[in-house]
Every structure is written in C-alpha cells, then in structure tokens.
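Colleague: Fold the following for me, if possible:
(2 chains)
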Amino acid sequence: MTLLYALLALGALALIFGIVLGYAAVKYRVESNPIVEQIDAILPQTQCGQCGYPGCRPYAEAIANGDDVNKCPPGGEATVKKLADLMGVEAKPLAGGEDAEPVKKVAYIREDECIGCTKCIQACPVDAIVGATRQMHTVLIDECTGCDLCVEPCPVDCIDMIPVAQTKQTWKWQLDAIPVTQID
Amino acid sequence: METLLEQIESGKLWQFPGGIHPPEQKTLSNQQPIARLPLPDKLILPLKQHIGANGSLLVNSGDHVLKGQALTAPGTNWSLPIHAPTSGTIEAIKPMPSAHPSALPELSIILRPDGEDKWTPLNPISDISTLDNKQLIDIIHQAGIAGMGGAGFPTYVKADSPKPIEFLVVNGIECEPYITADDRLMRERAKEIIAGVEVLQGILKPQKVLFGIEDNKPEAIAAITAAAQHNQDILVRSVPTKYPSGGEKQLVKLLTSKEVPSAGIPADIGVLVQNVGTLFAIWQAIFEGKPLIERVVTVTGNTIGQPSNVWALLGTEIKHLLDSQGFTPVEAQRVVMGGPMMGFTLPSVRIPVVKTTNCILAPDNQELAIPGDEKACIRCSACADACPQSLLPQQLQWFAKGKEYQKLEEYNLFDCIECGACSYVCPSEIPLVQYYRVAKADIREQKLEQVKAERAKERFEARKERLEREQEERQNKHKRRSAGAAPKAADKEKVQEALSRVKDKQSDKSTVQAAIARAKAKRGENGELEPDNSAIAEERAKRKAQARKYKEEKTDQPESTDKKDAVAAAIARAKAKKAAAQASPESEPAATDDKKAAVAAAIAQAKAKKAAAEDTAEPEANAAPSDKKAAVAAAIARAKAKKAAKKAEEAGESTVEQAEAAPTESAEEDPRKAAVAAAIARAKAKKAAKEAEEAGASVSEQAEAAPTESAEEDPRKAAVAAAIARAKAKKAAKEAEEAGASVSEQAEAASTESADEDPRKAAVAAAIAKAKAKKAAKEAEEAGASVSEQTEAASTESADEDPRKAAVAAAIARAKAKKAAKEAEEAGASVSEQAEAAPTASAEEDPRKAAVAAAIARAKAKKAAKEAQEAGESVSEQGEETNEPTAGSETDSSRTEQGAEGTSEQQQALSPEARKKAAVKAAIARAKAKKQAKEQEGNEPS
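Modeller: Here you go, the predicted model:
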C-alpha cells in the first residue's frame, strides 16, 4: 500500500511538472534562433559576401550552425573576437591572412567616366548608389558600406574604393606614435 | 534642517572627492595687466571653433571686410558665425591646420589685415529691459559666443535652456596651473562681467547666482565682490584651491551639493555654468555690439620672456603670440595649448587662436618634464584616490589596454572628465588619460559603426523586400497577361486565316514553280555540273537580270534554274563579301537591283521547288539545286530580321513587292550583319552538303561547291531545318485545309520532301517559314489588308514592323531546329530515307518540347545580347551559333529580359510582350500539333 502511495505521489508530480513544462514550451516559445540575431548584430552589415555567404545574415546563420567565425574581413579582428566570445570558440586570425584591421573605404564613382549603365546600382546591397539609365551615377557616401560589390560590374571601371578621410571626429590619439613636430 | 538654498546662502561649500594640488605657477603671468598685441600680418579663422556645425560662408576670396563683420552665417545644429577680427582682405578660403591635437586641416578663412582696424557699424544696446529674451539670445547667437572655458559649447543654446534654472554658476575658478586669463579679466573687467551675469540673470531667472573663485585669486574675489555688491542675488564664493574644482561637475557639487547625473548636463538638475570670459563676451555683444573677435590668452612658461595675458585676435597664429612675448625656444621645445593638465601639445606653432584657446604654455624641459617610459602598474590606487569622479582609473586602464570596451562602459569610462589627475599622481608614469582618450574614441567609433551597420541592415532588408515584391509583381503580371492571352482565339483565327490566304497565293504560283522545280530536280539527278563560283560571279549581272526575268514571268526556263541557284548563291556570297568589305551602299544601285532579283529568284525557286515536290511527290528531286538557295534564303531571312531590328523605319519603305530589297538594303546598310548572315548561309550550305552526302541522294556539284568553302558542319542542323520546314508544312497544311484548297497536300508533301531529301531546302523552308510566321502575325493585325504576293515580302514587312517579332520567330525556329536535330539523331537513317519519320516523331514526341526549345533559344538570345559586343568574333564561329547571338543582339534589352524570365514559361509567357509574337508561335505550335494528330489540337503548349 505504501508503495502505491509513493507511486501515486510521484506520478502526480510527474504529471504536474509535465503540464507545467509543456505549457512553458508553448507559452515561451522562441520563434527564431536568438543566437543568429546576436551574431547578426555583431557582423558589420556590409553585405559584401566576402565570407562566401550572400549577406551578413546568412553568414550569421552559418556561424550558428558551426561555421568559422573568422570569415568577415570588414569586421576585422574585433568582430572575430566578439564572435568567438559569443560562440565560445577560440578566436582565430582572419581567414585569408590579410592585415587585421581593414581600412575603411567607400566607393567613389568618377562621374565623368560613368556611362550610366546602372549595373553598380543593381549590385549595391544597400541602395547607396543613385542614378538612372544613361544618367551619371553617384555614391551616397554616408550609406556606402565599402563592400566592393559595385566595382566588379562596372563596365568602364570608373568606381574606386577610396579610404574614408579622417576627420577630427574620427581621429584617435596614437599612443605609440613617434611625435613629429613641424620645425618652423 | 536648513533647506539647500539656506545652506547655500549661509555660505556653505561642499566637497568633491579626489583632486590634486599641483604647483600653481600663476604668478608668472598674473602680475601684468592684459596687454595688446601688434596686429599680426595674417589671421587664420577656422569656420568651426566650437562644438556644433559651422556656418555658411558669406564672403569670397578677395573680399574686403571690416572689423566685426560676419564672415559666416549660422544655420541649424548649434552653428555659430565667425567675424572678421580686424579690417582687411580675404586672401584665401582653404583648409588649414586646426587647433586640435591632430592639427587636421579644417576649412579656414585667411584674412590679411589692412592695418586700419576699421569697425563695421555697431549696434550697442544701452538698456536691456527694452529687449525680450529672444532678442537677447539672438544677439548672443549672432555675436558667435561659445563657452570660453575650453569646451566651446554655444552659449546661446545654454542661455535658451528649456529647463528651469535654479542656480546660475559662474566659473571663475581657473584651477589649472599657469592659466591666469580669467584671473586678470576678473580683476580688470569685474563690472562688465557682472553686467554679463545680469544679462543671463534676466534671461534665465535663477534663484541665485553663485560666483565661484578659487582662494588663490584674492584680487579677483575682491574686484568681483565689489562689482556685485548692488546685486543681492549674486553670491561670490571663495573656494579652496584644488584641482580640478573648475570642472563643471566638480564646481556644481562644490557650490550646490548637487551631482550632475552620469551622461547628463547641469541643466538636468537646474544648474547652469558659465565661464567669466563668456560673460564678458556677452556684455561686449550686448552693450558694445561687438561680436566675439578677441579673447584673453595667457602666454606663459619659462621660455617666454614676458609671460603675461594678452588680448589676442581670434585667428592669430600661436607663433605671433610667442614671438611678441619674447620666446626663446629650448631643445625639443613643446608648445602646449591649454594648461599643463588638460592641454595638448601643438604639432605646429602655425595654428591659430580660436574661441576656446585660453593659454599657450611654452615650458622648458625642467618645469614640464618629458614623460618617462611607462612602467608597470603597482596597484597603489593613488589614481583612484585622486579621481574627482570617483572612478577606478586602474581598472579602466586594464580594460583600455585589453580593448574591453564593454567593461569600460560598465566602469563608467564616459564619466571621466580627462582632468589628468590620475596620470599626475601615477608613480609608474602611466599615461592613463591617454589610454582613456583612445578607448573613448574607439568606443565612439564602434557605436557610430553600429549605427551605420543598423542602417545598412535596414537598407539591405528594404532592398531585398523591394526586389522580392517586384519579382512577384512581374510574375503576377505574366500570369494575368497569359490568362488574358488564352481567350484570344479570335486572334489566332485571324492569323490562321492570314496564313491560309498567303498559302493560297503561293499555291497559285506553285503550279508553275512545280514544273520548274521538277526540271531542276531532274537536272540535279543527272548530276549536271554547276558553274563554279568565280564564273558565276563574273556573270553575275547577266544572271541577275535573268533571275529577275524569271521571277517576273514565272515561266518555263527549267534549264536556267540551276544557274539561277548558283547565281543566287554567288550573290549571297558576294553580298556578304562586299558587305564585309564595307562597300558603300550607294556604290551600285544596279547591283542592288540585281541582287534583289537574285534573292527573290532564290526564294521563289525554293518555293517553286517545294511546290513542285508537292505536285510530283518526287522526294529526292530538287536536292541539288536548292542547296545554295537554301543558304541564300536563310541568309535573307536572318538578314531581314536583323535589318528589321535595326532599321524598322527605313524598312518601311521596302514595300511588299520589293521584299527582296529589304535584305539587300540591310546587307548594304549593315555590312557586318550581312557578313554574319553570309557566314551563316555558308555554314548551312556546308551542312547541307554534308547531309546530302550522307543521304546519298543527289550529292551534286553544288553540294561539293558548298563544302569547298569551309569545313563540314553539323549534319544535324540540316535535320533541324527539315524539322522546321515540316512544322511549317504542317501549319500550311492546316491552313490549306481551312482554305479548302488542295494546296495543303502539296505544301505538306513539299515540306516533307524537302525535309527528306534536301536539308538545304529545309533551311530555305525554315527561313520562309519564319518569314511566314512574321507575316502572319502582321496580317493578323491588318486582317483584310492586301497580303503580300510573296511570302518573303510579307516576312520583310513583318520584320520591318516588328523586328523583335522576327528575332523571336528566328529564335523559335532555331529552337525547333535543335529539337529536330535531336530527334534526327535518334531517328538516324530514317531522316534521310523518310522525311516524314523525323518530323512526325518530333511532332509526336511532344509539342511541349518545342516550347522548351524555344525557351532555350530565347535564353541563348539573351546570352547573345550580352555578348553582342563580341558578336564580331563569334561571326567566325559556327553559322548557327553566330546567327543566334546576332539575332539575340538585335533584340532590345526588354526582350532579353523577357527571354530570361520566359525560360520556364513557354510561348505564352512571351505574349505579354507582344501578343502577335505569341500568336505566331501559337500558330506554329498548333500547326505541328494538328499535323501530328488532330486530337492534339487542344494540347497547345501553354
């Protein structure tokens, strides 16, 4: 009889917890994999495809599924480090081995050479190029992510990637710089 | 318990944590009155000397300006104007090194003083009670006044505080060592400063004005107390000397016990802090009408002969200040802008004085030691003790070195006021503040990039969405259109009618032609030698005339036909050559006529042959003669299509009778096209020759002639052509049926025959068929219009009118040809033996295959369009292939696009583009289907 009580009690507990868990699973269901969102937030959103995926989100999904975290050249080491932290993996040097900190660049269209083919407009993942057929195109520098994707399709090679000019706002103290003074 | 106000009134002061007591060094410069400098020979005025945006330029290079004249107009975003500090000429407006540690160039106005120092008309206010707050603030704004303590925050923004101000704090602390500018100003201009305070009092209506002065400036305290005696609301407070009491947050804490919240401003707690220099500038702006064009600058340091305070015009080069005060530089001389604690070493002395420049320090190497090497942190916590913001400098330093930005933010890095107290006390000489500055800049940059990334993501997603939407819309449109196209049975009927009508006309001719063809065929069987090409070329004119005659009369001359064939071939080739050689179109109008005639003859013959074949049911009869004809016809058809594409309007001239003229014209007009066509034609001829060999049928001298021109081609293509011809024949048969004429059988027979025995003929037939299709389409439109006498004519017309249609038709025909070729392979020998076999098979297999093939052809055309530029190269390639890209290139981009889309959508997918095209295609497909089995009539590819 004691055995029966024990079984009944345990069975009741199991039932209650089962119901609670089942309810929680439905009630607090997470729609998408939140890790993907987190990874996507870390990625620089240049949508350049240098990682081999068609945009930042696909790469985020790939990382969530176990791809390497070091395939994002625009993000540089900082991004690799963050991703490694997030994913709990070892931070590896950037794949491709190029210099760690990429120089920030934006596209520049040499406008007198532009033939207005709109190919770069179609290539731009963030709609940062304005122009119309047979009209000169130009780049909205503030919106350009420097992804490089417009350079290839240009039939007249009139797009340059130029480094963003340094301003007082973006200037940084160089701790290890050798002071250079202008002798006057 | 006293209230806060009571406590303040009772003179109570509070303490802020930390702080240091560096050597003051103020006596160096505070003994002499503020001096006036000689006018510099050049003033450099950066457009932006404060926090916020710069104004828009009001002057141009070369303009003469008066002292006090505004050089920029303020816009939005906290922008302030700048004014000419003296009268003179604007020498240039260009980027110059700025007063910033980086000395990054900034757009500046370079003013060359004329020495007259002539004022612009001023508008001083004697009684501020006549003005309301808005007017006063506007005066402050227009005077370009920014906080002169160091940050350079626009004063008009502060004065226009939306929050109620409880205490107005006047900052006369000047806690940094060496600097005495405010000290001297307070001593000399106390009344004016108090007047400035009263202006702000009037605007902000604070309960009390707290005037804080460090107790190391007793003269200043005395002067201000005396000046402020009449105003009970101004409480002058002498505060103990401690660095950094002059920090805004520290001063607020010191005088009011309130703490400015993290990331907040004093206005959040009802306090407003103004520097004495700013208040003096306010007084000047209102009571003298003078804008901010000069300020007091302390020029001090052991390398300065007469350290003192000077009135320096904004834009004066530091070099001028130093030189005029007796500067004797030492080795590795440093010149610091600002104080020793918070200032920065200037990279050059060619940098101008700006609104925030309060001190120029030129120390020798003893008084301001060159920092030694950084040593390891010994965790003495002296920095934490010294920090006036109660931060943990040591922790921050670790995080900054490790670039752990998130941790830095958690440890409130952004509350650091960069006072330098921690660095000052550090026994290991760690440049802590430098680390924080770098880290702050990095974090700011990261945040900026984060924002940018967010925006990029948004834009990327918006774009993706847009592209998807567009795609969907396009698909919907296709669906609608194709749905709308389906019930256009009436249109198709019309097409059928038109086709049958054409057929009727052709069949009229066919009896005559049949005879000719028969004769020809016989001769071909006999194996008569055809004259070689060169001979033909020589006699071209004559033969052309003959050909024309033949065409006109349409009578006997069976013997002449073979010659004509040769002629036609020769002409086609010659034309191509000529065209390739870029012969001018006007060179030989006669030749053109000849050619026309020849071409027409060729076409006519082809038809005649077909008809004859139908009549006599002699499958292998006309193989030989039609070889070149076929080529010619193909060339013509294609040339027509191209020409039409290119010169639709010109082609309008080429009338129904002169259908042949069109190809000729086109050939002349566009030699390259002609060349291409010729190449194709030749290729076909070769192919045909090959085929003929295989077939073992009349492999005549013509066939031989053809191969001589170049290497053999794919025999399959011939089969393809045959298939096309058959398809056409089927269609024709159908039409004939409808027309009730006996032509149908003939046409069918003819096509079958031609396909069977003579692939060349098939090619011809293909061309004709294509033309027919076009014509039919055209006719569908005009319905009752007089149909062209000749198929070619019609085709020309249609080609003229709708070049794209022609291109489409060509593509379809080609696609069909391919399919047929495929089948021909399968069929093997049966192709050569039994014409019927192959087409039937193809027709039987699936009309859908044709559609698929058409789609493929279209895709190819698209590709061709892409390679249009390279088309010239591809000309040398296989005739078929060349033809396709060329035809494709003629189509415009929309066509190309459609081709891409329509790959899977078959003929009806095209119909939205041009109903006619669809109708033509439908007719072809239907004809095939019908021919194969009547029950498949309803089985249109759709």
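
Colleague: And for the nearest residue to A:I115 once chain neighbours are set aside, the neighbour number?
Modeller: Nearest residue to A:I115 in three dimensions, chain neighbours excluded: A:V156, at 5.6 Å (Cβ to Cβ, 6 or more residues apart in numbering or on different chains). C-beta here means a position set from N, CA and C on the backbone, and glycine is covered the same way. The tally of other residues near A:V156 (other Cβ atoms under 10 Å in any protein chain shown) stands at 11.

Colleague: Equivalent analysis for A:L43, please.
Modeller: A:L43 has 23 nearby residues by other Cβ under 10 Å.

Colleague: neighbours around the spatially closest residue to it that is not a sequence neighbour, how many?
Modeller: Among residues not flanking A:L43 along the chain, A:C56 sits closest, at 4.2 Å (Cβ to Cβ, 6+ apart). Using other Cβ under 10 Å, A:C56 has 29 other residues around it.

Colleague: which phi and psi does A:C56 have?
Modeller: Main-chain dihedrals, A:C56, degrees, to the nearest 10: phi -70, psi -40.

Colleague: how near is it to B:G246?
Modeller: Applying Cβ to Cβ, to the nearest Å, the value for A:C56 to B:G246 is 47 Å.

Colleague: Contact partners for the residue nearest to A:I115?
Modeller: A:E113, A:C114, A:I115, A:C117 (Cβ atoms under 8 Å, 6 or more residues apart in numbering or on different chains).

Colleague: Buried only: go through those for me.
Modeller: Using 16 or more other Cβ atoms under 10 Å in any protein chain shown as the burial test, those include A:C114, A:C117 as buried.

Colleague: and B:S238, that one's in a helix?
Modeller: No - counting by DSSP: H, G, I helix; E, B strand; the rest coil, B:S238 falls outside a helix, being strand.

Colleague: Quick check: it touching B:D215?
Modeller: Yes - in this structure, B:S238 is within contact of B:D215 by Cβ atoms under 8 Å, at 4.6 Å.

Colleague: Of these two, give the one with the bigger neighbour count.
Modeller: B:S238 (19 against 12).

Colleague: Could you list which residues are in contact with the more buried one?
Modeller: B:I213, B:E214, B:D215, B:I221.

Colleague: hmm, back to that, in which helix or strand does the residue nearest to A:I115 reside?
Modeller: Using DSSP states H and E, A:V156 sits within no helix or strand.

Colleague: if you go through chain A in chain order, where are the helices?
Modeller: Per DSSP state H, chain A carries helices over the ranges A:2-27, A:34-42, A:56-64, A:76-87, A:119-123.

Colleague: can you tell me the average pLDDT over the first one?
Modeller: Helix A:2-27 shows a mean pLDDT of 95 in the predicted model.

Colleague: and what of the second one?
Modeller: What helix A:34-42 shows for mean pLDDT is 86.

Colleague: Near residue 135, how many other residues are there?
Modeller: Because you didn't say which chain, this covers chain A. A:Q135: 12 neighbours (other Cβ under 10 Å).

Colleague: To clarify, I was referring to chain B.
Modeller: Counted with other Cβ under 10 Å, B:Q135 comes out at 13.

Colleague: In the chain, where is pLDDT below threshold?
Modeller: Just going to use chain A. A:32, A:96-101, A:175-184 (pLDDT under 70).

Colleague: Actually, chain B is the one I wanted.
Modeller: For chain B, the stretches with pLDDT under 70 are B:1, B:484-492, B:502-942.

Colleague: Residue for residue, what is the longest helix it has?
Modeller: Longest helix in chain B, counting by DSSP H: helix B:432-485.

Colleague: Show me what that one is packed up against.
Modeller: With contacts taken as 3 or more Cβ pairs under 8 Å, 6 or more residues apart in numbering or on different chains; DSSP states H and E, helix B:432-485 sits against helix B:393-401, helix B:405-410, helix B:421-425, helix B:906-910.

Colleague: swap the cut-off to 6 Å and go again
Modeller: For helix B:432-485, the packing partners by 3 or more Cβ pairs under 6 Å, 6 or more residues apart in numbering or on different chains; DSSP states H and E come out as helix B:393-401, helix B:421-425, helix B:906-910.

Colleague: And chain A, split by domain according to the record?
Modeller: A:34-87, A:103-166 (automatic domain parsing).

Colleague: Can you say which of those is nearest to B:S262?
Modeller: domain A:34-87 (24.6 Å; Cβ to Cβ).
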